[in-house]
Structure formats: structure tokens, C-alpha cells
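**Student:** sequence and predicted structure are below.
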Amino acid sequence: MRDHRTWIAIGVACLALPRPGDAPAADAARKPVEVPRATRDARALAATIDRLLAEKWAEARVIPAGPADDGEYLRRVSLDLVGKIPTAADAREVIEDLSPDKRSRLVEKLLDSPAYTARATEIWRQLLLPEADTEGQARFAAPAFEAWLRKKVIDEVGYDKMVREILTARLGARATAPANPNARPEPSPAAFYTAKEGKPENLAAGASRVFLGVRLECAQCHNHPFARWKREEFWGLAAFFAGVQRQGPEDGYGSVREVANRHELAIPGTEKIVKAAFLEGPPPVWKAKAEPREVLADWITSPKNPYFARAAVNRVWARFFGTGLVDPVDDMGGDNLPSHPALLDELARQFVEHDYELKYLIRAITATRAYGLTSALDRPEPTPPFLFSAMSVRGLSAGQLFSSLAQATGFRDGAEGSMTDVGPRGRFLELFANRDEKPTEAQTSILQALTLMNGQIVTGATSLEVGDTLAAVAEAPYLDTAGRVEELFLAALTRKPRPDESALMVGYIEKAAPDDRSKALADVFWAILNGPEFKHNH
């Protein structure tokens, strides 16, 4: 059977990727409705984004790709906002909806869903606390951090306020494994300090990389001749965390505490003492009773900070396009100039003016022409990704791939979302984790490919006895063979098969003996799930 499945997979690989020329469904007239201010402002920013990009396209003499069809857009925005593909029912509903505002309504529906909260929490946890994926103490401290993040996402707290809370977090709690794994931890951002081992140098490097988009690590030990930031500047920033100290054994679960009002450090290996200093601008003003971390938070989150808002919008942009306006996203400043300076400045300005509201940025970006372009090109050579004249094909993250497999096949894993999960999801995430890999450069290893072909999830999903989706489709009395193939395409790829794909799959199934046609249908589903289209966001 695997030989048959392999040949079908080859057929799907040849046919499955989107083709140019598929236009969105025709729009039907609807009565005008009152548009909320947040939506109007987001649309205005979207129009500005499209204008600035169009100017760049004209300068580069590039013709942008055509628009993505509704299925392609639905799958893309679902993966980006909630981390998984939509259901077959949702796919059919959106594809057959003729209303002109269905995409904006779809975005609002996703933004208001619990799945968005879960996905946004996961994204920010991975960014702010990457150590929790690999280190025991950070992992045990992560649930309280995730609980805090979840509350910030639900309350739609401004990004500046969220960062300020991290930088000024109350310290002193001991990081231990919870006595009751099912108990809800007290929300706290203090794990940011635990994960960095309470070391000023780790905290400075982490804060500058995440909140400012600036890499300072190279300046920690020596002055690089071509680097903008020098060793003294690195330790000047680290001095804001001079009072932070880790207590307890090096190999055990200790606590992170703070000695008040310390704002100077000795540079290791030297006798030089440096005082806390910002990377740019005048020296700190030490207000009465203001702790160093508070003074640092004031500077980092200030609207006048040349990095903070720009770094934030650049990360959000990269999340939706696969490439930042400054790329890599944590290497801003110096010689690494933005591909669209005016656009980056405008996004940052609007972000500040709208109280650092992340959903405002998301509404604007998903409403742009650029985000709605297809990834399928009708030209032999692709344009550079930094022009954003076509949607980049991005590999799915481990979490997106697992959740999408579960969505498509009906697989259930009760441990989903647990930091201490050692079940199917946990093992899958560990195997497919590519933490340092750009989405646009994602590669599938041999072990990962074998897991998708023969692993527990896909094997069960393509079994008539175990797979919920496959069994429901195979047993549906109202579907003929073409209808069954269509349902599997909607479930896995968020679109209906093209005529050539349908003919290939239906022909394969109907060539089988009547008693073997359900098994042949399982082969088709296996081939779809192992095809390139399923494993990418495009």
C-alpha cells in the first residue's frame, strides 16, 4: 500500500501547489453598515502600506502577483492568527460566501476567538522565554509566565505596558515545580529573570534583542572593530540589572531577588566600574525612590526611543510575511538598513499613536493588498522577498503543523498546550522544533519526513478504524467518489481540488476493487497530508 501511496504523493506534489489566475469569488452587494473607528483606522493604514509598497514596485519595475483566492487567504490568515488550518466546514462557508466584507469579518472572528488567545500567548512565550523549550528551571517557571501573558492578550494590554511590566516585575518568588500540575499558577512575568539565571549580562542581552531589535552579545567580551556597540556600552545597559541576583544552588531551583538601588557594575576581568547608561541619548535621571529597572523601562518604552516601536512593528510584519522590513529582525541599526524605510517609520508612528495596540497592526496588515497576494507566480524567476510583491511560502512551525494535522484528521491529544507534555504533541514538537530557522528557509529533515509518512498521528489518521475525518468521509452516504475527494481537500488544504487533481484521485480510487475503495481513499488522504502544500503556509 505504501508504494501506491508514494506514487499518489508524487502526483499531489506535482499538482497541489497553487497556480496563478485563480481570482476571488465575485462580490455581492450588501447594505452599508457602520464601520468601527478601529477598523477605519486600520484600513487607512493598510492603504498607506499598499501605496508605499506600490512605489517600491514601480521603482524596481516589478509586477506584483495576482490576488490569492478565498481558500488560500483563509488558510493563510488562520495559520497566522490561530496557528492551525480551518475546518472543512469553515473553508466551504468562506469560499461560497459572496459578501464583499467577508475577509475583514473573518479576521475579526479569528481575533475574537479563544484560539487566537492561545496562539498569541504561545508566540510571545516563545519569543520572551525561549529557554522554556530546553531548560528545566525555565520550563517549570513558564506556566506562571504563560498565565500572565494570556491575561495581557485577553485584556488587550498595550505592548508598551506589557514590556514595562516585564522590566519592572516584582522579584523574589522561588521557581519550583508546582505541587499540583493541574493548579493554575499565579500570573507573573518574573520567569523572564529566572530563565536568564538572574545574570545582568543575560538580562541586558535578552532585553535589547527582544525589545529593541539590537544584538549586543558580541560586545559582552570584547570590542568588535566593525560593531556599533562597544563593551562598555553593553555593560552600561547591564548595570540597570546590577541588583538582580540568583539565589540557590547552580543546578537546583532557586529564586531571583534584587538588591535595591544598584546601578553600576564592574566589567568582568577588569577593574573598570561602569554606571547604568542607555544605548542612546542623555544619561539616566535618577529620581527619588525609582529603581534602576524602572528608569530603564521609562527609556525603552518611551515614544522617543528610536528602536522600541520600530522593533515591535518589524517583528509583527515578519510574522505575517516571513521577512522583516529589517531582516534579521533582531539586527536593527548599523549597516542593516530597512528595505522600506518610510514604511517602517509610518508603521512605528501609527503604532505609537494607537497606544501600541497589537490588534490594530494585525487588522491593518491583513487588510493590505500585499498580504492578499498569491504565492503562485506566473513568471520563471521569483522577485526578492523584501519587495513583498508576492506572498512568500513559509514552512509551518512545529506547533502549527501538529495543530493543523489534528484539525485535518480529527486527532485528539488531551495534553495540548501543556509545557510538561510528554504525549504525542510533546514528542512531535520536540522532533519538529526548528527554533533558529527562518520560516521562508524551512527544511524537512529525513526523520521528520519519516514521521509524517509513518508516524503515529498520520498512520492513525489514514486508518479507517482510527481516523475520524477519513471515517466520516468514507461512510457518508450522500457523497460520491468525487465528493469524498473534495471533502478531504477541504479538510487538509482549505480548497476544492482542481479538475486535474480530482480526475487523478477519483481515477485511482475507482480503479480499485469495490471492497478496496475505502483503502484507496485512505491512500489519497495520506498523499495529501504528505504533500508540500499541506506542510507550508503560502
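**Tutor:** Yep, that arrived.

**Student:** what segments of this structure are strands?
**Tutor:** Listed in chain order, the strands of the chain (DSSP state E) span 244-247, 255-258, 264-266, 273-275, 394-395, 536-537.

**Student:** neighbouring strands of the first one in the sheet, and parallel or not?
**Tutor:** Read that as strand 244-247. Paired neighbours of strand 244-247 in the sheet (DSSP bridges): strand 255-258 (antiparallel).

**Student:** cool, and the fourth one?
**Tutor:** Paired neighbours of strand 273-275 in the sheet (DSSP bridges): strand 264-266 (antiparallel).

**Student:** average pLDDT for the strand it pairs with?
**Tutor:** Here strand 264-266 scores 89 as its mean pLDDT.

**Student:** other residues contacting that strand?
**Tutor:** Residues outside strand 264-266 that contact it (CB atoms under 8 Å, 6 or more residues apart in numbering) are 200, 235, 238, 239, 242, 272, 273, 274, 275, 276. From N, CA and C alone the C-beta is placed, and that goes for glycine too.

**Student:** count the residues that sit near the closest residue to the fourth one other than its chain neighbours.
**Tutor:** Pointing back at residue 239 there. Leaving aside its chain neighbours, residue 239 sits nearest to residue 276 (3.9 Å; criterion: CB to CB, 6 or more residues apart in numbering). Residue 276 has 24 neighbours, counted by other CB atoms under 10 Å.

**Student:** does residue 276 touch residue 242 like I think?
**Tutor:** Yes - between residue 276 and residue 242 there is a contact under CB atoms under 8 Å: 7.1 Å.

**Student:** report the set of residues contacting both of those two.
**Tutor:** Common contacts of residue 276 and residue 242, defined by CB under 8 Å, 6+ apart, comprise 263, 264, 292.

**Student:** of the residues you listed, just the buried ones, PyMOL syntax please.
**Tutor:** Selecting only the buried entries of those in PyMOL, with 16 or more other CB atoms under 10 Å as the criterion:
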select buried, resi 263+292
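
**Student:** pull out the buried members of the contacts of strand 264-266.
**Tutor:** 200, 235, 238, 239, 242, 274, 275, 276.

**Student:** quick one: the third one and residue 201 touch, right?
**Tutor:** In this case it means residue 238. Yes - when contacts are counted by CB under 8 Å, residue 238 is listed as touching residue 201 (5.1 Å).

**Student:** list the buried residues in stretch 340-353.
**Tutor:** Buried, per 16+ other CB under 10 Å, within stretch 340-353: 340, 343, 344, 345, 346, 347, 348, 350, 351, 352.

**Student:** contacts for that stretch next, please.
**Tutor:** With CB under 8 Å, 6+ apart, stretch 340-353 has contacts from 45, 48-49, 52-53, 56, 159, 303, 309-310, 312-314, 317, 325-326, 338, 357, 360-361, 364.

**Student:** need the strands of the chain in CSV with distance to residue 99, can you?
**Tutor:** Shown next, in CSV, are the strands of the chain (distance: least, CB to CB, whole Å):
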stretch, distance to residue 99
strand 244-247, 54
strand 255-258, 53
strand 264-266, 60
strand 273-275, 61
strand 394-395, 28
strand 536-537, 25
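
**Student:** residue contacts, residue 324?
**Tutor:** Taking CB under 8 Å, 6+ apart, one finds 314, 315, 317, 318 in contact with residue 324.

**Student:** let's have the residues you listed in TSV, adding neighbour count, pLDDT and distance to residue 155.
**Tutor:** What follows is those, written out as TSV (neighbours: other CB atoms under 10 Å; pLDDT from 0 to 100; distance: CB to CB, whole Å):
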residue	neighbour count	pLDDT	distance to residue 155
314	24	97	24
315	17	97	21
317	24	98	24
318	19	96	25
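
**Student:** right, and out of the residues you listed, which lies closest to residue 167?
**Tutor:** residue 315 (17.3 Å; CB to CB).

**Student:** residues near the residue lying closest to the closest one once chain neighbours are set aside, how many?
**Tutor:** In space, and not counting its chain neighbours, residue 315 is closest to residue 329: 5.2 Å by CB to CB, 6+ apart. Neighbourhood size, residue 329 [other CB under 10 Å]: 21.

**Student:** who are the contact partners of residue 329?
**Tutor:** 213, 311, 314, 315, 318.

**Student:** gap between it and residue 350?
**Tutor:** 19 Å (CB to CB, to the nearest Å).

**Student:** next: residue 196.
**Tutor:** 32 Å.

**Student:** what sits against residue 525?
**Tutor:** Per CB under 8 Å, 6+ apart, neighbours of residue 525: 461, 462, 467, 469, 470, 488, 492.

**Student:** what's the per-residue pLDDT of it here?
**Tutor:** 90.

**Student:** please apply the same query to residue 185.
**Tutor:** 72.

**Student:** from residue 115, how far off is it?
**Tutor:** Applying CB to CB to residue 185 and residue 115 gives a distance of 22 Å.

**Student:** and residue 533, by the same measure?
**Tutor:** From residue 533 to residue 115 the distance is 22 Å (CB to CB).

**Student:** those two: which is more packed in?
**Tutor:** Set side by side, residue 533 and residue 115 show more neighbours around residue 533, with 20 against 15, by other CB under 10 Å.

**Student:** so the more buried one is in contact with residue 493, correct?
**Tutor:** Yes - using CB under 8 Å, residue 533 is in contact with residue 493, at 5.6 Å.

**Student:** now stretch 521-532, how far from the centre of its chain.
**Tutor:** Mean-position distance between stretch 521-532 and its chain equals 26 Å (CA atoms, centre = their mean, to the nearest Å).

**Student:** how about that stretch: buried residues?
**Tutor:** 521, 522, 523, 524, 525, 526, 527, 528, 529, 530, 531.

**Student:** check stretch 153-166 too.
**Tutor:** So stretch 153-166, judged by 16+ other CB under 10 Å, has buried residues 153, 157, 158, 159, 160, 162, 163, 164, 165, 166.

**Student:** what of stretch 37-49?
**Tutor:** So, applying 16+ other CB under 10 Å, buried residues of stretch 37-49: 39, 41, 42, 43, 45, 46, 48, 49.

**Student:** now do stretch 361-381
**Tutor:** 361-377.

**Student:** restricting to C-alpha, output it in PDB.
**Tutor:** C-alpha atoms of stretch 361-381 as PDB (Å, rounded to 0.1, in the frame of the first residue of the first chain):
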ATOM      1  CA  LEU A 361      -1.400  46.400  13.400                       C
ATOM      2  CA  ILE A 362      -2.800  42.900  12.600                       C
ATOM      3  CA  ARG A 363      -6.000  44.400  11.200                       C
ATOM      4  CA  ALA A 364      -4.100  46.700   9.000                       C
ATOM      5  CA  ILE A 365      -1.600  44.200   7.700                       C
ATOM      6  CA  THR A 366      -4.200  41.500   6.900                       C
ATOM      7  CA  ALA A 367      -6.200  44.100   5.000                       C
ATOM      8  CA  THR A 368      -3.400  45.100   2.700                       C
ATOM      9  CA  ARG A 369      -3.200  44.100  -0.900                       C
ATOM     10  CA  ALA A 370       0.300  42.800  -0.200                       C
ATOM     11  CA  TYR A 371      -0.900  40.300   2.400                       C
ATOM     12  CA  GLY A 372      -3.700  39.200   0.000                       C
ATOM     13  CA  LEU A 373      -1.400  38.400  -2.900                       C
ATOM     14  CA  THR A 374      -1.000  34.800  -4.000                       C
ATOM     15  CA  SER A 375       2.300  32.800  -3.600                       C
ATOM     16  CA  ALA A 376       1.800  31.300  -7.100                       C
ATOM     17  CA  LEU A 377       3.800  33.100  -9.700                       C
ATOM     18  CA  ASP A 378       3.300  33.200 -13.500                       C
ATOM     19  CA  ARG A 379       7.000  34.200 -14.100                       C
ATOM     20  CA  PRO A 380      10.000  31.900 -14.200                       C
ATOM     21  CA  GLU A 381      12.100  33.700 -11.500                       C
END
